[in-house]
Each structure stands twice: as structure tokens, then as C-alpha cells.
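J.: How does the following fold in three dimensions:
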Amino acid sequence: MDSQIGAFRKRYPVLSRILIDTREEYMINRLKRVMDSTTGQVLAVVGFGHELRWRGRLQAYMEETGRSQQASPGRCQPEAEVEGVPGHEGRTA
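T.: Next comes the predicted model:
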């Protein structure tokens, strides 16, 4: 994934700033506002390509603001059973 993003950035630097960096900055800032508006835990679901940058940025933000929880990635389990979804009994996600 990183090599594909790197190739895209090299070939289309302006477009990558618009499509990747600006969008990612917006999403991170929006998540920070959500985190600031609650005392509970916050769950964010993002694509794999965002994981490393988000984790680092959010961990630094949480340390700056004195939050005790860590920004930790969950793992998608694509073969998990779909429970309680009408029409999906016995199927996998």
C-alpha cells in the first residue's frame, strides 16, 4: 500500500496533496473535535492506508491533551460471522 501511495505522490504531487493530505487533515481535525466533545471512548473506522499516519498523529494529540487511552488499531476480521442481520444467517462478512 505504501509503495502505491508513494508512486502516486511522485507522479501526481499536487493531486496527492488534495486527495490524500488535505482530506486526511480534515478527517483528523474532525476526529479531534469529536474527542474533545466527549469524555468517553471514540471509535473511528478508517481505511488501511490511513492507519500509520492517523495512529501517530492521534497518539501525539492525546499525549498533548493528557488523554490516557492509546490510539490503537483494531483489526478487521473479514471471515467473522454475521449475526443478527436479517437475510445473512450463517454467512460470513
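
J.: Only C-alpha atoms from now on, for both contacts and neighbour counts.
T.: OK.

J.: What is the burial count for N29?
T.: Residues near N29, counting by other C-alpha atoms under 10 Å, number 13.

J.: my guess is it is in a strand, correct?
T.: No: N29: not assigned to a strand; according to DSSP: H, G, I helix; E, B strand; the rest coil it is helix.

J.: May I see the buried residues of the worst-scoring helix or strand of the chain on mean pLDDT?
T.: Between all helices and strands in the chain, the lowest mean by mean pLDDT, DSSP states H and E belongs to helix 51-65, at a mean of 84. Residues of helix 51-65 classed as buried: W54, L58, Q59, M62 (neighbour count, 16 or more other C-alpha atoms under 10 Å).

J.: Which strands or helices does it pack on?
T.: helix 23-36 (3 or more C-alpha pairs under 8 Å, 6 or more residues apart in numbering; DSSP states H and E).

J.: now the angle between helix 51-65 and the helix it packs on, please.
T.: Angle, helix 23-36 to helix 51-65, by axes from the mean of the first three to the mean of the last three C-alpha atoms, to 10 degrees: 40 degrees.

J.: and which of the buried residues of helix 51-65 is nearest to T38?
T.: M62 (13.2 Å; C-alpha to C-alpha).

J.: mind checking how far that closest one is from K10?
T.: 32 Å (C-alpha to C-alpha, to the nearest Å).

J.: can you list the weak-confidence ranges in the protein?
T.: The chain contains residues with pLDDT under 70 at 1, 68-93.

J.: So for it, the centremost residue is which one?
T.: The chain has V46 as the residue nearest its centroid, 3.1 Å off, counting by C-alpha atoms, centre = their mean.
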